[in-house]
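>>> give me a model of this one.
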Amino acid sequence: MYKMTKDDFVFEVKEELCCYEEIGDKGAQRWEQGFEKWLSEHPMTSFRLDDESDVFEIADEYVEAVETKNETNYWKNFKI
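All right, here's what the predicted structure looks like:
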């Protein structure tokens, strides 16, 4: 398990999302906006992840949500 700051967490997820052609920089920015909204409702100062695969899972789930036009449920069920 490792601990990340909010900025590091956001950077890592956005970097992973930018690797997906269908998401790109604009989609990564949209994820960040959604995350900021989610965070305003679920205040956290640091993020504990089991390992780096958690970042990949978060990104993969977002890509699937975008592809299925289901971003609302992604954020409703989002957990760290």
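>>> ok, R48 touching D54?
No. At 9.2 Å, R48 does not count as touching D54 under the criterion of Cβ atoms under 8 Å. The C-beta positions use only the backbone N, C-alpha and C, and glycine is treated the same way.
>>> hey, what's in contact with both of these two?
I80 (Cβ atoms under 8 Å, 6 or more residues apart in numbering).
>>> pick out whichever of those two has more residues nearby.
A direct count of neighbours by other Cβ atoms under 10 Å for R48 and D54 places D54 higher, at 19 against 11.
>>> number of nearby residues for the nearest residue to that one once chain neighbours are set aside?
In this structure, D54 finds its nearest non-sequential neighbour in I80, 7.9 Å apart by Cβ to Cβ, 6 or more residues apart in numbering. The local packing of I80 (other Cβ under 10 Å) involves 15 other residues.
>>> give me the distance between I80 and S46.
Using Cβ to Cβ, to the nearest Å, one gets 10 Å for the distance from I80 to S46.
>>> overlap of the contact sets of those two?
Counting by Cβ under 8 Å, 6+ apart, nothing touches both I80 and S46.
>>> D25 reaches C18, doesn't it?
Yes. Assessed by Cβ under 8 Å, D25 is found in contact with C18 at 5.8 Å.
>>> who has more neighbours, the two?
C18 (16 against 10).
>>> residues in contact with that one?
Listed by Cβ under 8 Å, 6+ apart, the contact set of C18 reads G24, D25, A28.
>>> those residues in helices, which ones?
G24, D25, A28 (DSSP state H).
>>> which ones are touching the second one?
With contacts defined as Cβ under 8 Å, 6+ apart, the neighbours of D25 are C18.
>>> what strand or helix carries E32?
Secondary-structure assignment from DSSP states H and E places E32 in helix 24-41.
>>> and the next helix or strand past that helix?
Following helix 24-41 toward the C-terminus (DSSP H and E): strand 46-49.
>>> packing partners of the helix or strand just after that following strand?
Once strand 46-49 ends, the next helix or strand along the chain (criterion: DSSP H and E) is helix 53-67. Using 3 or more Cβ pairs under 8 Å, 6 or more residues apart in numbering; DSSP states H and E, the elements in contact with helix 53-67 are helix 6-18, helix 71-76.
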